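Novice: Requesting a structural model of the entry that follows:
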Amino acid sequence: MRSALIALILGLLLLFSGCIERQEAPEVLEQETTEEWKADGIIGDGEYSRSVLLQAPARQGYSGGELAVSWKNDKEHLYLALNGSTDAWLSIGFDPLEWMKNADIILASVQGGKAVVLDEYCTGNYGPHIEDTMLGGSDDILEAGGSKSAGRTIIELKRRLDTGDRFDKAFSPGGAVSMIWALSSNPDISLKHNIAYGEGILSLTGGEAAADDGAALAALTAREKDGLLFIWEEEKAARDLYNGLYEKNNMTIFLDLVRSESSHMDQARAVMEKHGLAVPPDEPGIFQNQTLQEMHDQLLAEGLQSDQDALTVAAVFEEISIVDLEKELSASQPDDVRTVYEGLLAGSRKHLRSYVSDLEGQGIEYQPRYLEAEEFQEIVKS
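Specialist: Below is the predicted model of the structure:
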């Protein structure tokens, strides 16, 4: 079994009740592109090759809403459409270091019938985010258009995968990009979002025509199937662990990351179902893999002792998750499975940074247990 786990074993919706309702899987839909892309604020049926509906329920300070993200890419450009449940502004951010920090942000609205799209960069965990040009960068939105009606705003835009601007994230065909999103009902972009926010994964194609599905399915080996099942249950263990810790201490970080881990489970579930693999029953705190069962139970017991212990065991879990995902990625994997693993790995690295940062805020220096010191420092300081 996984050595890191064995070594460990051996050695917001119902906020006031402490329960968090599980969200439906944000299924990534794929289709053949049959229409020419136009930045006209109208999303054609065959204009984009992939789409996903991201949803966030009502919670304290937020009314709840959704953002439909559609995209396609070639070897040089990303074509993106955002359809949000707001008539004010919406935003999407790429590859944040921690929370919002260092995110490449696009903030957009429709004003006077015209799309206003800002190419921004976030300098802190929760802001501020300002236009790249104010930091010495460049505005790299090549084309944009939008429309607004019936309480919804649509923005379409085009940018290079690699703009050459140090305040823009460089994307690669076939890569997976961690993203965050937010919606506001206030037209003033200086005010905080108040409808909804969340995160997801943007999986780019290789820039070529999509491979035949039958060929992709045929590539899965028994080893790869076992790996997918394990990774799904490991993401479930993270969700259940953080849910249990939140019920005890009501720390916001766990509330947010429960939703993130649910999204990670959904990413793994989607590729499992695509390959015809059965997904185990999703019963909280119950796992088919006994190593994961013991790990979850032990870490939960340790984490319930104090807030500091809770943050520490969560950081430990993310280390283990990173080790296991890197192990899977070191083996040969079909492109669709590899893309999901890369997205999950980016998420685990971000979560580790968040836990380590919160511990530092309490005057505690976290020491890695499973990652090499050099890799750990690269992750938390990158």
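Novice: CA atoms for contacts and neighbours, from now on please.
Specialist: OK.
Novice: For Val340, give me its contacts.
Specialist: Taking C-alpha atoms under 8 Å, 6 or more residues apart in numbering, we find Val340 in contact with 176, 203, 267-268, 271.
Novice: Restricted to strands, list these.
Specialist: Cross-referencing the contacts of Val340 against strands under DSSP state E gives 176, 203.
Novice: Tell me the one of the contacts of Val340 nearest Glu378?
Specialist: Ala176 (19.5 Å; C-alpha to C-alpha).
Novice: In this structure that closest one contacts Gly206, no?
Specialist: No: taking contacts as C-alpha atoms under 8 Å, Ala176 lies outside contact range of Gly206: 10.8 Å.
Novice: Leaving out chain neighbours, which residue sits closest to Asp162?
Specialist: Distances taken as C-alpha to C-alpha, 6 or more residues apart in numbering place Ala170 nearest to Asp162, at 4.4 Å, with adjacent residues excluded.
Novice: Model confidence for Asp139, exactly?
Specialist: For Asp139, the pLDDT comes out at 94.
Novice: again, but for the one 4 residues further on
Specialist: Looking at Glu143, its pLDDT is 95.
Novice: Check Met179 too.
Specialist: On pLDDT, Met179 comes in at 86.
Novice: Next: Met1.
Specialist: Value for Met1, per-residue pLDDT: 46.
Novice: residue contacts, Cys70?
Specialist: Check again: residue 70 is Ser, not Cys. 48-52, 80-82.
Novice: If any of these are buried, put those into a PyMOL selection.
Specialist: To isolate the buried members of the contacts of Ser70 in PyMOL, using 16 or more other C-alpha atoms under 10 Å:
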select buried, resi 48+49+50+51+52+80+81+82
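Novice: domain assignment for the chain?
Specialist: As given by automatic domain parsing, the domain ranges for the chain are 3-19+213-381, 33-203.
Novice: Among these, show me which one is buried the most.
Specialist: Burial of the domains of the chain is given as mean neighbour count (mean count of other C-alpha atoms under 10 Å); domain 33-203 ranks first at a mean of 19.
Novice: now the end-to-end length of that domain.
Specialist: Start-to-end span of domain 33-203 (C-alpha to C-alpha, to the nearest Å) is 16 Å.
Novice: same question, stretch 181-198
Specialist: Per C-alpha to C-alpha, stretch 181-198 runs 5 Å from first to last residue.
Novice: And for stretch 246-258?
Specialist: For stretch 246-258, the end-to-end distance is 9 Å (C-alpha to C-alpha).
Novice: Give me the subset of the contacts of Ser70 that lies in strands.
Specialist: Those of the contacts of Ser70 mapping onto strands are 50-52, 80-82, per DSSP E.
Novice: Can you tell me which of those is nearest Ser330?
Specialist: Arg50 (26.8 Å).
Novice: how about the strands in the chain?
Specialist: Using DSSP E, strands in the chain cover 29-30, 50-56, 65-73, 77-84, 89-94, 104-111, 114-122, 129-131, 143-149, 152-160, 176-183, 196-203.
Novice: what's the fifth one in contact with?
Specialist: Counting by C-alpha under 8 Å, 6+ apart, strand 89-94 makes contact with 84, 100, 103-110, 153, 169, 177-187, 189, all of which sit outside it.
Novice: one step back: may I ask which two of the contacts of Ser70 are separated the most?
Specialist: Ser49 and Leu82 (14.0 Å).
Novice: was I right about Leu344 contacting Asp266?
Specialist: No: here Leu344 does not reach Asp266: they are 10.7 Å apart, not a contact under C-alpha under 8 Å.
Novice: Show the average pLDDT along stretch 115-123.
Specialist: If you average the pLDDT over stretch 115-123, you get 91.
Novice: Let the chain start at 544 from now.
Specialist: Got it, the first residue is 544 from now on, which makes the last one we talked about stretch 658-666.
Novice: State the distance from the residue lying closest to Leu623 once chain neighbours are set aside to Ile635.
Specialist: Leaving aside its sequence neighbours, Leu623 sits nearest to Trp614 (C-alpha to C-alpha, 6+ apart; 4.5 Å). Distance check for Trp614 against Ile635: by C-alpha to C-alpha, it reads 13 Å.
Novice: same check, this time on Leu835
Specialist: Where Ile635 is concerned, Leu835 sits at a distance of 34 Å (C-alpha to C-alpha).
Novice: Same question for Tyr622.
Specialist: 14 Å.
Novice: and if you look at Asp617?
Specialist: Going from Asp617 to Ile635 by C-alpha to C-alpha gives 20 Å.
Novice: again with Gly679
Specialist: Remark: distance between Gly679 and Ile635 (C-alpha to C-alpha) = 21 Å.
Novice: Equivalent analysis for Ser849, please.
Specialist: According to C-alpha to C-alpha, Ser849 stands 35 Å off from Ile635.
Novice: And for Asn616?
Specialist: Going from Asn616 to Ile635 by C-alpha to C-alpha gives 17 Å.
Novice: go on, Ile922?
Specialist: According to C-alpha to C-alpha, Ile922 and Ile635 sit 23 Å apart.
Novice: picking up where we left off before, wait, which of the ones in strands among the contacts of Ser613 is closest to Val899?
Specialist: Closest to Val899, out of all of these and judged by C-alpha to C-alpha, is Val595, at 30.7 Å.
Novice: excluding its backbone neighbours, what's nearest the closest one?
Specialist: Sequence neighbours aside, Val571 is the residue nearest to Val595 in space, at 4.7 Å (criterion: C-alpha to C-alpha, 6+ apart).
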